[in-house]
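could you work out the structure for the sequence below:
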Amino acid sequence: MKLYVGNMPYSASEADLESWLTENGVATDTVSLVRDRYSGESRGFGFVEIGNQSEGETAIQNCHGRDFLGRTLVVREARSKMPPMSAGAPLESEQRGRSAGGRKDSRRPPRG
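Got it, this is the predicted structure:
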């Protein structure tokens, strides 16, 4: 089970979080913090992988709302990642009324 852990202090490291989770009775498979791609600084959230569903639910109950280095943690099941949107791709609603090849439907009268 993958968990989202948010509202962490920017100074926290993976080792800090893993140690804190262990102290709170949570055995983790992996701990990873999301970092800024340019500065390398933590963005204040990360993800934890737990062995199975029941251990993950116990981790949520034991850790959500608890103090971690002076901040109240948000711990919940991670949501699936959304695919990135392309800047040039038309939305589905914009594609209605268009035939293959991107040309307008010739059955419509031209706008006046």
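
show me what the helix or strand hosting Ser19 is packed up against.
Following DSSP states H and E, one finds Ser19 within helix 14-23. Where contact means 3 or more Cβ pairs under 8 Å, 6 or more residues apart in numbering; DSSP states H and E, helix 14-23 is packed against strand 28-35, strand 42-50. C-beta here means a position set from N, CA and C on the backbone, and glycine is covered the same way.

need the residues that contact it.
5, 8, 28, 31-33, 46, 48, 59, 63, 68-69 (Cβ atoms under 8 Å, 6 or more residues apart in numbering).

please apply the same query to stretch 27-44.
Against stretch 27-44 from outside (Cβ under 8 Å, 6+ apart): 6-14, 17-18, 21-22, 45-51, 55.

what mean pLDDT does it get?
Taken as a whole, stretch 27-44 has an average pLDDT of 93.

which regions of the chain sit below the pLDDT cut-off?
85-106, 108-110, 112 (pLDDT under 70).

all good on my end, thank you.
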